[in-house]
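> sequence unknown, structure follows:
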């Protein structure tokens with residue numbers, strides 16, 4: 001299995017890379033995961049109030065946990081990105097608890113009493129998982145041309161002009177494929193719900 005090749009294809013199968021790490025301790029697979037997820041986890045941490053240095057450290061810790069726990073990943077239960085971000089979130093919570101125990105944060109007993117547990121409730125988690133599966137099912141029904149434009153636009157956050165340049169197609173074609181894909185997704189998702 002050549003993970004380096006997989007990481008450069010149009011659609012990266014993160015679950016397969018995690019599997020390569022679990023079975024072969026594939027360093028190329030890990031490098032691809034690290035390159036993609038480390039900046040995203042760092043940004044996620046900073047948006048939740050963690051300073052830049054701690055956010056970078058937590059991102060590295062999360063990805064090392066992925067390396068160590070890769071064999072525990074079950075692609076049937078959740079997506080790879082959700083699994084990775086759950087590890088990162090749990091590490092952030094653990095770090096926050098350690099800070100509180102060590103007196104590094106100033107939280108009074110009154111503040112603690114009125115803190116809201118913002119973790120998703122089990123029924124909402126289930127609904128989100130089911131919605132995610134419906135979206136994945138709908139995405140799988142798009143043509144390869146439409147899927148590629150959707151991936152570049154929404155998952156890789158590329159501008160329409162940049163997509164046109166990358167794919168060597170006119171800007172109007174990019175917009176048309178996106179519009180058709182969104183219409184098809186909307187129809188498929190309304191049928192599935």
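Structure received. Just so you know, these numbers come straight off a predicted model, no measurement behind them. Residues are numbered from 1 along each chain as shown.

> enumerate every residue touching the spatially most central residue of the chain.
The residue lying closest to the centre of the chain (CA atoms, centre = their mean) is residue 81, at 3.4 Å. Applying CB atoms under 8 Å, 6 or more residues apart in numbering, we find residue 81 in contact with 14, 37. All C-beta spots, glycine's among them, are computed from the backbone N, C-alpha and C.

> quick check: closest non-adjacent residue to residue 69.
Leaving out its chain neighbours, the residue that sits closest to residue 69 by CB to CB, 6 or more residues apart in numbering is residue 87, at 7.4 Å.

> what strand or helix carries that neighbour?
Using DSSP states H and E, residue 87 sits within helix 80-101.

> how about that helix: buried residues?
80, 83-85, 87-89, 91-92, 95-96 (16 or more other CB atoms under 10 Å).

> and what of stretch 150-159?
Buried residues in stretch 150-159, counted by 16+ other CB under 10 Å: 150-153, 158.

> could the residues you listed go into TSV alongside distance to residue 18, secondary structure and pLDDT?
Below are these laid out as TSV (distance: CB to CB, whole Å; DSSP: H, G, I helix; E, B strand; the rest coil; pLDDT from 0 to 100):
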residue	distance to residue 18	secondary structure	pLDDT
150	23	helix	88
151	19	helix	88
152	23	helix	90
153	25	helix	88
158	25	coil	89
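
> just those now: which is nearest residue 181?
Among the buried residues of stretch 150-159, residue 150 lies closest to residue 181 (CB to CB), at 5.1 Å.

> isn't the residue nearest to residue 69 up against residue 59?
No - using CB atoms under 8 Å as the test, residue 87 is too far from residue 59 to be in contact (10.6 Å).

> domains for this protein, by residue range?
Split into domains by automatic domain parsing, the chain comes to 1-106, 121-193.

> so which of those domains is the most packed in?
Comparing the domains of the chain by mean neighbour count (mean count of other CB atoms under 10 Å), domain 1-106 ranks first with a mean of 16.
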